[in-house]
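K.L.:
Next come a sequence and a model predicted from it.
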Amino acid sequence: MDSKQATATRPPHGAPVVVEVEEAEAALVENYRRLVRLAYLALPVSLGRHRRVLTAHSLVQAALPRSRRAAEGAYELVREEVLRGVLEFGGERAKKWRAAVLPPYVWGLRLHPKAGGADEAGVDRALAELGAAARAACVLRELEGLDGREVRGLLVALAVEDPRGAVQAAEAVPQGLIHAGEFDPCTVQARPDDLLRRRQHVKAGLIAAGALAITAALIGTLGGGSPEPYAAGGSPGSSYAGSGSFLDPAKLVRVRASAWTDASRLDFTAWPARGSRTKDTALLRRALAVWADPGARVTVSATKGTSKSLPAQQPQLLYAGEVDQAAVVLMYDGMRVVRYAEPRGGEGAAALDFARVDGAGLTTAAVVIGRTDGNTRFLTAPWVSEARSRNLLGPVAGTQPLTRAADGVTGPMRMPGADSTDGVCGGSWPALQLQASARLGKRQPFLFTDLGDLLPVHLTYQPSGSDAPGEATGPRGLASWARTACHLGTMGGQGVRQVNNWEYARQRLPESNGTADWVCTRSETWRGEGRALALFMPPAASPTSPATAVGSSGSGTGACGVYVPRVLAGVLWKSSAGHWYLLAAGSPDVAQIQATGGVRATTDGSTLAAPAEQGARAELAGVLESGGTVRTFG
C-alpha cells in the first residue's frame with residue numbers, strides 16, 4: 001500500500017428494514033445449503049460428524065422467525081438466527097435448545113460428509129480448539145466473506161462476551177479450505193454402525209423384516225438400470241410431480257437464427273438454439289429430467305436469490321453441444337438461465353446451475369458455458385460480431401483476438417486470479433470485450449469480467465459530471481479500472497450483474513502533492529440489491545497502483561446509484577513531507593462537509609482537507625444543496 005494512504009473513518013451501518021416471514025422463508029430456502037454448512041462448521045467438533053450434520057440441519061430449519069422482524073435483510077436475519085442457535089447450543093440454554101432442535105434419531109444409520117485429506121483434517125482440529133464464538137467468527141470470515149469489523153458487529157448483536165478476541169482466535173484456522181466437500185453437510189454418505197450389537201439386541205423377526213425392506217429398496221433403486229443416470233426420478237417416462245410437459249424435449253422452444261435482427265427487444269428470447277447436439281433428444285431429455293429431479297450425482301448451484309424450481313413456462317433451448325470434456329445444455333425459462341453439464345464419458349458428477357436474468361438486454365451478451373483448469377469459455381449473444389480479451393491491469397496494452405466458433409462459443413480465456421496466489425490480485429485481470437453487430441448502429445464495445453457466476457459481470461464507467469454509466473472501453477474508463485480491478489475479487493459469487501466506476505470528485509492535495517480522484521464503485525445484482533465501495537486514488541508512480549478502499553456499504557444500499565447519486569468518504573493521508581491530513585470528498589450535490597471527533601473542521605464545497613494527527617478518528621457529515629444530509633458508510 002502507498003505510504004500516503006491510510007484507513008478511512010468507519011461510519012455506522014445503514015438503517016434496518018422490516019423483513020416479512022415470507023421473505024425470510026425465501027432467503028432460508030434459497031441459501032439452505034450455505035446456512036447448513038455455516039452451522040455445521042460453527043458447531044462443536046466434539047459432537048461427531050453424524051450429530052453435527054443432523055444438528056446443523058435442525059438449527060437451520062428452526063431459524064425461520066414466527067413474525068416480521070427488523071433486520072438488514074432477509075438473509076442476514078436467518079443467518080443471525082442460525083448463529084444464535086449454534087452459540088446457544090453450547091451455552092447455558094443448551095438444554096432448552098437441544099430439546100427444541102434435537103435431530104431425528106435414525107436407527108443404526110450414520111451420516112457424514114465425504115472424507116477429506118490431511119489439510120481438511122487440520123482444519124477440523126483447529127476448529128476443535130476454538131470456542132463457539134471463535135468458530136462462528138471463522139466461518140463468517142471465510143464462508144460469508146465478512147471483514148473483521150462486520151464479524152465483530154454481528155457477534156455483538158448476538159451478545160458474545162469478547163467479540164474482538166473471538167475474531168483474533170479465528171485467525172489461527174487455515175484459510176481457503178472450509179469450502180471443501182468434507183464440510184458440506186448437504187452432501188452426505190450413509191453407513192450402518194453397530195450391526196453386530198443390534199443383531200444381539202433386536203428380535204430376529206424385526207431384523208428379517210428390515211433386511212427385506214432394505215433389499216427391496218436396493219432392487220428398486222439399482223435393479224432397473226435407469227437410462228437417466230443423473231436424474232433421481234428414473235426413466236424418461238417417469239412422472240415428476242408438477243413437471244407437466246416440461247420434460248418433453250420436443251416441446252422446447254426454439255427461435256430462428258435471425259430472430260434478433262427484427263426483435264422488439266434484445267434479450268434471451270432472441271437467442272437461437274445453437275451447438276452440435278441441439279437434435280440430441282437423449283441429452284435434452286436427461287437435462288430436463290435432472291432439472292425436474294436432480295439425483296445424488298448432480299451438483300446443484302444457484303446464484304443468490306435464484307429459485308431452483310421447475311419452470312413457469314416452456315423452456316427455450318439456447319445451446320446443446322460439447323465444451324471441452326463435457327456435454328452442455330443451456331436453457332432459458334423467462335426468468336432464469338439454466339445450465340446442465342455432464343461428463344462426455346458418463347463417469348463422474350453432473351452439474352445443474354441456475355442464474356436470474358430478468359431484465360436482460362443488449363449488454364447481456366455472454367453466458368459462461370464451461371470452466372476447465374482456470375479457463376472460461378463463453379457463449380456469446382447472436383448479435384456479437386467480435387470477441388477479444390484484454391488485461392484490465394494493462395490499460396494501454398490493447399486487446400488480443402479471442403477465437404469464436406460458428407456456434408458462438410469462444411476460445412478459452414483465463415479466469416481472474418487463476419495464475420496468482422489466493423488472496424493476491426496478481427499481475428493481470430482478464431476481461432472479455434465484445435463488439436455488437438453494425439446492424440445495431442455504431443456502439444462502443446462492452447467489457448465483462450468473470451466473477452465465478454453463470455453470467456459475466458458488465459463493467460461500466462461514469463466520469464465526473466455524467467448522469468449515467470457508459471461503457472468502460474474508452475481510455476479514461478480503462479485507466480480507472482486499471483486501478484480498481486483488484487477490488488472486484490470481493491464481489492464474486494453474489495450474482496452481480498454490473499459494476500460501475502463513478503468518479504464523483506477530484507481534489508487538489510495539500511502541499512502541491514497533485515490531484516486525487518475519488519471513485520465510488522457500485523455493484524448491482526440481478527435481484528436488485530446494490531453495494532457501494534468508496535475508493536481513494538492519489539497520484540501514483542504506476543498506472544495500476546491499486547486504489548485504497550475507504551468505505552463500503554452493506555447490501556441493499558442505493559448509494560452511488562441512478563436514484564441515489566450521492567456519497568461521502570474520508571481518509572487519513574500523509575503528504576510527501578510527512579504531514580498528516582484528513583481528506584474528504586462528497587458527490588457534486590454536497591455543499592458543506594463537517595468533521596467532528598478526532599479532527600474538527602468545516603468547509604464549504606464538496607471536498608475537505610484538514611491537518612490531523614496520525615491515527616486520528618473523525619466522523620464526517622455532509623450537507624446537501626437541498627438541505628438534507630449525507631454520511632459516510634463503513
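P.N.:
Thanks, I have it. Every value quoted in this text rests on a predicted model; they were computed, and no experiment measured them.

K.L.:
Can you give me the end-to-end span of stretch 569-582?
P.N.:
With C-alpha to C-alpha, to the nearest Å as the measure, stretch 569-582 spans 11 Å from end to end.

K.L.:
List of residues touching that stretch?
P.N.:
For stretch 569-582, contacts defined as C-beta atoms under 8 Å, 6 or more residues apart in numbering pick out 3-9, 509-511, 513, 518, 520, 534, 536, 538, 548, 550-551, 583-586, 595, 599, 601, 608-616, 618, 620, 632. From N, CA and C alone the C-beta is placed, and that goes for glycine too.

K.L.:
and if we set it to 7 Å?
P.N.:
Stretch 569-582 is contacted from outside by 3-6, 8-9, 510-511, 513, 518, 534, 536, 538, 548, 550-551, 583-585, 595, 599, 609-614, 616, 618, 620, 632, using C-beta atoms under 7 Å, 6 or more residues apart in numbering.

K.L.:
domain assignment for the protein?
P.N.:
17-189, 194-222, 244-355, 375-565, 566-634 (automatic domain parsing).

K.L.:
Same list, those, but as a markdown table with mean neighbour count please.
P.N.:
As requested, the domains of the chain are exported to a markdown table (neighbours: other C-beta atoms under 10 Å):
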| stretch | mean neighbour count |
| --- | --- |
| domain 17-189 | 18 |
| domain 194-222 | 10 |
| domain 244-355 | 19 |
| domain 375-565 | 19 |
| domain 566-634 | 18 |
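
K.L.:
Tell me the helix or strand right after the helix or strand bottoming out on mean pLDDT in the chain.
P.N.:
Lowest mean confidence among the helices and strands of the chain (mean pLDDT, DSSP states H and E): helix 204-222, at a mean of 31. The first helix or strand that comes after helix 204-222 along the chain, using DSSP states H and E, is helix 281-292.

K.L.:
And the average pLDDT for whatever helix or strand comes next after that following helix is what?
P.N.:
Following helix 281-292 in sequence order, the next helix or strand is strand 298-302 (DSSP H and E). For strand 298-302, the mean per-residue pLDDT is 92.

K.L.:
residue contacts, Ala312?
P.N.:
Ala312 makes contact with 333-334 under the criterion C-beta under 7 Å, 6+ apart.

K.L.:
Could you look up the SS state of it?
P.N.:
coil (DSSP: H, G, I helix; E, B strand; the rest coil).

K.L.:
thought Thr278 was touching Ala320?
P.N.:
Yes - between Thr278 and Ala320 there is a contact under C-beta atoms under 7 Å: 4.7 Å.

K.L.:
Could you find the closest non-adjacent residue to Asp353?
P.N.:
Spatial nearest neighbour of Asp353, excluding adjacent residues (C-beta to C-beta, 6 or more residues apart in numbering): Arg339 at 4.6 Å.

K.L.:
Contacts only, for that neighbour.
P.N.:
Neighbouring residues of Arg339 by C-beta under 7 Å, 6+ apart: 328, 330, 353, 454.

K.L.:
ok, so of these, who is nearest Ala128?
P.N.:
Proximity of the contacts of Arg339 to Ala128 (C-beta to C-beta) peaks at Asp353, which lies at 34.1 Å.

K.L.:
In what element of secondary structure is that closest one found?
P.N.:
strand 350-356.

K.L.:
And Thr376, by the same measure?
P.N.:
Per DSSP H and E: strand 375-380 holds Thr376.

K.L.:
angle of the helix or strand just after that strand against strand 375-380?
P.N.:
Using DSSP H and E, the helix or strand that follows strand 375-380 towards the C-terminus is strand 384-391. Using axes from the mean of the first three to the mean of the last three C-alpha atoms, to 10 degrees, the direction of strand 384-391 lies 150 degrees away from that of strand 375-380.

K.L.:
Quick one: list the elements packing against the helix or strand where Arg141 lies.
P.N.:
Secondary structure assigned from DSSP H and E places Arg141 in helix 132-142. Applying 3 or more C-beta pairs under 7 Å, 6 or more residues apart in numbering; DSSP states H and E, one finds that helix 132-142 makes contact with helix 32-42, helix 74-89, helix 148-157, helix 163-170.

K.L.:
Okay, angle between that helix and helix 32-42 too, please.
P.N.:
Going by the same axes, to 10 degrees, helix 132-142 makes 140 degrees with helix 32-42.

K.L.:
just the angle between helix 132-142 and helix 163-170, please?
P.N.:
Using the same axes, to 10 degrees: helix 132-142 against helix 163-170 is 70 degrees.

K.L.:
how far is helix 132-142 from where the chain is centred?
P.N.:
19 Å (C-alpha atoms, centre = their mean, to the nearest Å).

K.L.:
Quick one: residues in contact with it.
P.N.:
38, 41-42, 83, 86-87, 90, 127, 130, 146, 151, 154-155, 160, 166-167, 169-170, 173, 175, 178.
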